[in-house]
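> Just the structure for this:
(chains A and B)
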Amino acid sequence: MRPRLAIIYLLLVLMPLGLLAWLGTKLAREEKARVRDSLQQVMQQRLADIDGTIVRLMEDLESELLRATDFTPADAPQVLQQQVRIIQPTYNTHQLRTLAGKHRFVRQFFVIAANNRFLHPPTGRPEQTDQEKRFYERTLSVWESGERFYESTDDAWSTGPNHGWHTWFWGEGVNLLFWKRTPGGQTLGAEIEVAALQAELIARLPDQTSHSRHARNQDTRIRLLDASAHTLYQWGNHEPVQSQTAEAEIAVAPPFSMWTLQYFASLPAGSSSLLPINLTVSLLALGSALLLLALYFYKENTRELRTANQRVTFVNQVSHELKTPLTNIRMYAEMLEDQFPEEEQKPRNYLKVITDESRRLSRLIGNVLTFAQSKRQELRIHRTPSVPDETISSTLEHFCPALESRGFQIHLDLNASHSQSIDPDLLEQILGNLISNVEKYAATGKYLGITSSQSETTLKITVQDHGPGIPPNQYETIFQPFQRISNQLSDGVSGTGIGLSIARDLARHHGGDLVLQATETGAEFKLTICS
Amino acid sequence: MKLIHALLLKMAVIAGFAASISANQVKLNVAMAKPFLEAGHKQTAFFKIGLTGFKMQKKEDRTPVNVAIVLDKSGSMSGKKIEHAKEAAIQAIDRLGTEDIVSVIAYDHTVTILVPATKVSDKATIKQSIRQIQANGNTALFAGVSKGAAEIRKFHDKNRVNRVILLSDGKANSGPSSPKALGDLGASLIKEGISVTTLGLGEGYNEDLMDQLARRSDGNHTFIENPTQLARIFNAEFGDILSVVAQEVAIDIRCANGIRPIRVLNREAEISGQRIITHLNQLYSKQEKYLLVEVEVPSTQSERTREVANVEISYANMLTRTTDEIASTLSVRFTESKELVQTNTNQEVMVSCVLQKATDANRLATNLRDKGKLAEAKQVLLDNGRYLERNATRWNSTQLGDYASEQKLDVLNLDDDVKYNLRRKQMRSSQFKNELQQSY
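As a prediction, the model looks like this:
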């Protein structure tokens, strides 16, 4: 009894705790994922902002180059332009060389005629300089691929109606050309000084000091990597270890799409632990509170049980103490009754009442003691050969005066006249309880029917009445101790409420059973006893 | 007859000079190595174009500067090196005035702008920032220079001397780090009038990278073996920067018909047909910068004078704030007298020619040694030493004599890899100095 209770209480504590822990972990995990997601978004956004710096740099450079390659003579009349359709741009080699010598992002300007011939630099002509020769060698792969810049390919793309960028690999890394188509079908362009472009990019990106001014940026590191994953530039106070992988990473916008931007950060530690600290703490607090509560109820409960047990013991002892004087009273009353002459009816009647009532009292006490015994699993069966019908008759005999006085009609159909090995006292107690119930609860039916039958091993007895009957939903509960169909004392019936419970316990103890059978009128109890 | 011709020629040259010699003008000196050439056959000849900055009359006339001091604070700089570098930079700050602009950038694998470009009015704060530097990390040299240039750009002004001074003791290992990439950066910076002076400290830096960066941006480059020399070198560099008298010096040489330009010995120049174009970022007071040009002269009859080249120089005069131009024409006289050819050589030009050829040979020796051709490299250096000694005596030149001794030291340090690593830096530094006439 006690360990089971302990287990129940433990479950009471552990189950909500476990549920809460599970929910909490799930919630914390979701929260962490959410935080990570939003963090990831913030990081991606920051990288995108930086990418924006690169995009702006390229836009600035593009508009600068568009201006620089605008060789249309300034004095060309606007009207003429429409009439003659095209004004050929005017430029000469010296002018383009001087221009390249002043433009820090331009290594070399070039002009290609509509027929794919170089107008500048003077390729293959004596006035070609060594630098221009090297330019032609560097860019040879571009011209040999038959590049038509205005067609967008993997390497070339337009950023405007007639201009765009072209990348190719030569030497140490990616190289960059700006190109522009003139209305006359010429292609003007510039080879970009990539080192200068990188330097300008670095100049536009933050350094350590401007970085540390923003407190929110602390403990981060942003890296710009080139096509071969070498760091071009980095900033931020966080110093990632060799093995650390980037928290976020994006590819840079064209023309540097082979470059990547990486975001490193020192994220709060403990991100690997299953339960966050605060959840663990609250779970522990809740757990101990529940445990205390459970302990309190457990103590309360055991104390009540103890009190109840003490009461039962008390009742038991009282009953036991009552038993001997009652037996004496009954014995002497019977003896007195025997000694009175037949004609002295009045005193004999008095004595009869005394013996009947003391018998009733004995039965009650017997019930109480049997109940206590059955609870303590101390019921004993004393089998002796006896005739069941005799036991039935003698039991009924004690009730006859009371039943007859209430107008009961008794119908007997007894067919168990062979001796069987049963406990007659036990049978008497069962029958007594059943008949007493009929007397108490089925007085309105005024009918008691008892049948008996026997086989080699079993004895079957039914006790039937024509009382108000028992609702079918209570067929089982009436066998529970202290159960009565009505608890109202006003019903005018009294009882301890353990009669049926004891009757069934005894029957089962005797290897049989006591059940309530469905009938049309009243109630019919069927008792089976195995010998 | 021949003598008269020679005299006439000399007078013509002098007359040409007379026009350009003035107190606040750059002096242009154009001369053939051999004013007389042998007649009757095709030959190569050398001429020199020398430009000398005028003397600054008053100290307050000096051009204000815009300097970015870019200091390597990578781990290898820790200890004595960084302390000396800081001290040298602090001393250099003391030489600047309130009209000057300075910025201080320190880099490891990241870049910190310690002092953003600012007028040098509060020296104490600037010095305090320099003192805070602590050495740690890798070497993002490219980024350091980029940020330095960006600081200069904030107050970019053609009327200032715009200069990045880079000190590094290590190989660039974060960001672009090849000599070509840094050279390209230098080439783009000079277009804005920004020169980069590269100071290599100790045995760890990449001298080719530092050479290229300085060469292509027309800055100075030097090898500093011992950190204690830093203060002296910084002082010399600032001496140069504070004595700039001309900037944006464009040199346009047009060779006469029949004369074919072959090469410029000591500087990068673009040769396009008959034209040779190059430019210097600046000229320093009382320092001569020169160009040695090799040309092919066609066979010419004796007793004839042939025009060789017309030289036009334009530059921004920092004192008068004007763009000045000077020009000169160079001629050569042909003779059948070998004696006349020999006796009339221009000593100064000859010394320059020998020095440039010897420098070329020295560079060849480093290339051979780099390829593991030790014996050949040694032979080149030994020959070079003898060549220099011979000419030192002939032209009575201590400069050639000194360089001859350097060749001997070079030979001694060629075998051992560790010694050569250090010596190579000295060799590059000397090559740079000889070719670009660095003052220190």
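
> Can you tell me which residues in chain B are near chain A?
Within chain B, the positions near chain A by C-beta under 8 Å from any C-beta of the partner chain are B:105, B:109-114, B:140, B:142-143, B:145-147, B:149-150, B:153, B:174-176, B:178, B:180-182, B:184-185, B:187-189, B:191-192, B:270-273, B:275, B:277, B:279. Using the backbone N, CA and C atoms, a C-beta is placed for each residue, glycine as well.

> Mark which of those are part of helices, please.
Judged by DSSP state H, the residues of chain B next to chain A include B:142-143, B:145-147, B:149-150, B:153, B:180-182, B:184-185, B:187-189 as members of helices.

> Widest-spaced pair of those?
Spatial extent of those (C-beta to C-beta) is set by the pair B:153 and B:180 at 23.3 Å.

> circling back: which of the residues of chain B next to chain A count as buried?
Neighbour-count burial (16 or more other C-beta atoms under 10 Å in any protein chain shown) applied to the residues of chain B next to chain A gives B:105, B:109-114, B:140, B:142-143, B:145-147, B:149-150, B:153, B:174-176, B:178, B:181-182, B:184-185, B:187-189, B:191-192, B:270-273, B:275, B:277, B:279.

> For stretch A:162-174, buried residues please.
Neighbour-count burial for stretch A:162-174 [16+ other C-beta under 10 Å]: A:163, A:164, A:165, A:166, A:167, A:168, A:172, A:173, A:174.

> Now do the helices in the stretch 151-300 of chain B.
In the stretch 151-300 of chain B, the helices defined using DSSP state H, counting those that start in this stretch lie at B:179-190, B:207-216, B:230-241.

> helix or strand right after the helix or strand bottoming out on mean pLDDT in chain B?
Least confident helix or strand of chain B, by mean pLDDT, DSSP states H and E, is helix B:2-20 with a mean of 45. Using DSSP states H and E, the helix or strand that directly follows helix B:2-20 along the chain is strand B:27-32.

> quick one: strands adjacent to that following strand?
strand B:43-52 (antiparallel) (DSSP bridges).

> taking the mean pLDDT, what do you get for the helix or strand just after the partner strand?
The helix or strand immediately downstream of strand B:43-52 is strand B:65-72, counting by DSSP H and E. Throughout strand B:65-72, pLDDT has a mean value of 94.

> Which strands or helices does strand B:65-72 pack on?
helix B:80-94, strand B:101-107, helix B:141-154, strand B:161-168 (3 or more C-beta pairs under 8 Å, 6 or more residues apart in numbering or on different chains; DSSP states H and E).

> Switch these over to TSV; also include mean pLDDT and distance to residue A:391.
Converted to TSV, the helices and strands packed on strand B:65-72 look like this (pLDDT from 0 to 100; distance: least, C-beta to C-beta, whole Å):
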stretch	mean pLDDT	distance to residue A:391
helix B:80-94	92	118
strand B:101-107	94	115
helix B:141-154	94	114
strand B:161-168	95	121
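
> Is it possible to get those out as JSON lines so that each row also shows distance to residue A:228?
Output for those, formatted as JSON lines (distance: least, C-beta to C-beta, whole Å):
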{"stretch": "helix B:80-94", "distance to residue A:228": "31"}
{"stretch": "strand B:101-107", "distance to residue A:228": "22"}
{"stretch": "helix B:141-154", "distance to residue A:228": "15"}
{"stretch": "strand B:161-168", "distance to residue A:228": "23"}
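
> How is chain A divided into domains?
As recorded under automatic domain parsing, the domains making up chain A are A:2-64+A:278-304, A:69-199, A:379-531.

> Apologies, that question was intended for chain B.
Annotated domains of chain B cover B:2-58+B:245-345, B:63-242, B:348-436 [automatic domain parsing].

> Pick the most deeply packed of these.
domain B:63-242 (a mean of 22; mean count of other C-beta atoms under 10 Å in any protein chain shown).

> how distant is that one from the center of its chain?
Remark: domain B:63-242 is offset 17 Å from the chain centroid, using C-alpha atoms, centre = their mean, to the nearest Å.

> Same question for stretch B:293-304.
On the basis of C-alpha atoms, centre = their mean, stretch B:293-304 sits 30 Å off its chain's mean C-alpha point.

> what does the stretch 201-350 of chain A put close to chain B?
Residues of the stretch 201-350 of chain A found near chain B (C-beta under 8 Å from any C-beta) are A:202-204, A:207-210, A:230-236.

> Weed out the non-buried ones from those.
Among those, those scoring as buried are A:202, A:203, A:207, A:208, A:209, A:231, A:232, A:233, A:234, A:235, A:236 (criterion: 16+ other C-beta under 10 Å).

> What about these, which are in helices?
A:202, A:203, A:208, A:209.

> Where is the longest helix in the chain?
The chain I'm using is chain A. Chain A, longest helix under DSSP H: helix A:2-68.

> not quite, I wanted chain B
Per DSSP H, chain B has its longest helix at helix B:347-370.

> My guess is residue B:299 contacts residue B:41. True?
Yes. Under the criterion of C-beta atoms under 8 Å, residue B:299 makes contact with residue B:41 at 5.1 Å.

> Low-confidence ranges, the chain, go.
I'll assume chain A. Scanning chain A for pLDDT under 70 picks out the ranges A:1-2, A:71-91, A:146-158, A:210-218, A:267-276, A:483-495.

> wait, I meant chain B there
In chain B (pLDDT under 70), the answer is B:1-22.

> Pull the number of nearby residues for residue A:59.
11 (other C-beta atoms under 10 Å in any protein chain shown).

> Show me the helices in chain A, by range?
Using DSSP H, helices in chain A cover A:2-68, A:78-83, A:93-102, A:130-144, A:194-204, A:208-212, A:277-339, A:345-375, A:388-405, A:424-441, A:499-509.

> Figure out which of these is closest to residue B:283.
helix A:93-102 (18.4 Å).

> buried stuff in the closest one?
Within helix A:93-102, the residues that count as buried by 16+ other C-beta under 10 Å are A:93, A:96, A:97, A:99, A:100, A:101.

> if we can go back for a sec, now distance to residue A:514 too, for the domains of chain B, in JSON lines please.
Output for the domains of chain B, formatted as JSON lines (distance: least, C-beta to C-beta, whole Å):
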{"stretch": "domain B:2-58+B:245-345", "distance to residue A:514": "122"}
{"stretch": "domain B:63-242", "distance to residue A:514": "94"}
{"stretch": "domain B:348-436", "distance to residue A:514": "111"}
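
> and chain A, which residues reach chain B?
Counting by C-beta under 8 Å from any C-beta, chain A sits next to chain B at A:93, A:97, A:101-105, A:107, A:126-131, A:171-172, A:193-196, A:198-200, A:202-204, A:207-210, A:230-236.

> re the thing from before, and of the domains of chain B, who's closest to residue A:317?
domain B:63-242 (92.1 Å).

> So what would you say the end-to-end distance of the closest one is?
End-to-end distance for domain B:63-242: 7 Å, by C-alpha to C-alpha, to the nearest Å.

> same deal with stretch B:201-213?
The stretch stretch B:201-213 measures 15 Å between its terminal residues, going by C-alpha to C-alpha.
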